[in-house]
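Student: task: produce atomic coordinates for the following.
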Amino acid sequence: MHNLPIWLAKYKESLSKEKLHHAYLLYGREGLGKENLITSISNAILCESSNLVSCNQCKNCTLISSNNHPDLHSIQLEEGKKNISISQILNLRNTIYESSFLGKNKVISISNIESMSRDASDSILKILEEPPKDTFFIMSSNFIHQIPATIRSRSIEIEIKTPTYNECHNWLSESYSENIELAIDLSDNRPLIARDLLDLNLVDLRSRFIKDISGIIKSGKNIVNISEQWSKELETLPLKIEWMSYILVDAIKHESANLNVQVLSDSENISRYLGENSDIYNLHELLNKTNEIWNLFSGDTNLRKEYQLQSLFIAWERGLGVSNL
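Tutor: Just a heads-up that it's a prediction; the model follows:
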């Protein structure tokens, strides 16, 4: 049971085991470590310690370490499913209204609660309205505004904010020695995203992205091939779309101010040229369209991704297509 990173520890330290609310909703951007915090809080609630910490020695902690604690229930989106289903919540109801196996607390953790189906959401609301004794819900969301107001009103909301650059750098430096600064910049200070980038051979991934985007803007000749290739690389697809948004944002910065603008250094030649040679209206229109596609790919869609990408790339080529980039 590892210690929480510094930017997460403060949220746990603000809670008191003696004054716990029955439901907490942790929200914030993806990649900040909300699931780590859920796990740490859940484990500490079950631990026999009088404080909100895990002693790592009691029977509860031993059961947690072996992933075999009968009073710890985790609800997550099942593989291949679009939503957390009503059946998952009904199965939970059949369990949590019974007495605790160990005669103490029960904890239900629910990740990405916004992915619940409507029926599942209604069912969990009924439980939150009349929670069983000594039962605690620790939930998370990447998109707080997608959560029904009725569920939010019955939970204590805790916003997980983006850590500082130094907090990111110090944490990543414990495991990595190269390309840390670039990973932090490209992940927009989201440590877990930065870590994943470093594990994915960041420099190669980024260089191929810049080459692809430059080609689209220059000529648009490889739009079909690039869209097909990106569609196969599902793990990095939302990230690449996000990087496209960053280029447009940086281009708008260049268009709005000539000096002292802070932009991503490795794509500055592209963003500066676009800022100086593109219509500001086109830049904003393309940013809106790019963000729409990002939202589409970050969720679950039945639409053919390569067709959506081709449409986006064509819009970029037409809206930004320039020579001599």
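Student: Met139: helix or strand, and which one exactly?
Tutor: Under the criterion of DSSP states H and E, Met139 resides in strand 135-141.
Student: gap between the following helix or strand past that strand and the chain center?
Tutor: Per DSSP H and E, the first helix or strand lying C-terminal to strand 135-141 is helix 149-153. Relative to its parent chain, helix 149-153 has a centroid offset of 21 Å by C-alpha atoms, centre = their mean, to the nearest Å.
Student: can you check stretch 138-147 too?
Tutor: On C-alpha atoms, centre = their mean, the centre of stretch 138-147 falls 11 Å from that of its chain.
Student: about what we covered before: show me what the strand holding Met139 is packed up against.
Tutor: Contact analysis of strand 135-141 by 3 or more C-beta pairs under 8 Å, 6 or more residues apart in numbering; DSSP states H and E lists strand 23-27, helix 34-46, strand 106-110 as its packing neighbours. For every residue, glycine as well, the C-beta is placed using N, CA and C.
Student: and that strand with helix 34-46, angle?
Tutor: Per axes from the mean of the first three to the mean of the last three C-alpha atoms, to 10 degrees, the angle that strand 135-141 makes with helix 34-46 is 170 degrees.
Student: report the strands that pair with strand 135-141, each with its relative direction.
Tutor: strand 23-27 (parallel), strand 106-110 (parallel) (DSSP bridges).
Student: what pLDDT, on average, does the first one get?
Tutor: Predicted confidence along strand 23-27 averages 98 (mean pLDDT).
Student: same question for stretch 214-222.
Tutor: Per-residue scores along stretch 214-222 average to 78.
Student: got any ranges where the stretch 1-150 of the chain has weak pLDDT?
Tutor: Counting by pLDDT under 70, the stretch 1-150 of the chain shows low-confidence ranges at 1-2.
Student: can you do 50?
Tutor: For the stretch 1-150 of the chain, the stretches with pLDDT under 50 are 1.
Student: is it possible to export the strands paired with strand 135-141 to TSV including mean neighbour count and distance to Leu234?
Tutor: Formatted as TSV, those follow (neighbours: other C-beta atoms under 10 Å; distance: least, C-beta to C-beta, whole Å):
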stretch	mean neighbour count	distance to Leu234
strand 23-27	22	25
strand 106-110	24	24
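Student: that older thread, Ser207: which of the helices and strands packed on strand 135-141 is closest?
Tutor: Closest to Ser207 of the helices and strands packed on strand 135-141 is helix 34-46 (C-beta to C-beta; 30.6 Å).
Student: what is the subsequent helix or strand relative to the closest one?
Tutor: Counting by DSSP H and E, what follows helix 34-46 is helix 59-65.
Student: what residues does that following helix touch?
Tutor: With contact meaning C-beta atoms under 8 Å, 6 or more residues apart in numbering, helix 59-65 is reached by 1, 43, 46-48, 54-56, 69-70, 72, 102, 104.
Student: can we see that at 6 Å?
Tutor: In this structure, residues lying in contact with helix 59-65 by C-beta atoms under 6 Å, 6 or more residues apart in numbering are Asn43, Leu46, Cys47, Glu48, Ser54, Cys55, His69.
Student: so which two of those residues are the farthest from each other?
Tutor: Cys55 and His69 (14.3 Å).
Student: which of the contacts of helix 59-65 are buried? Put it as a ChimeraX command.
Tutor: Selecting the buried subset of the contacts of helix 59-65 in ChimeraX, with 16 or more other C-beta atoms under 10 Å as the burial test, is done by:
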select :43,46,47,54,69
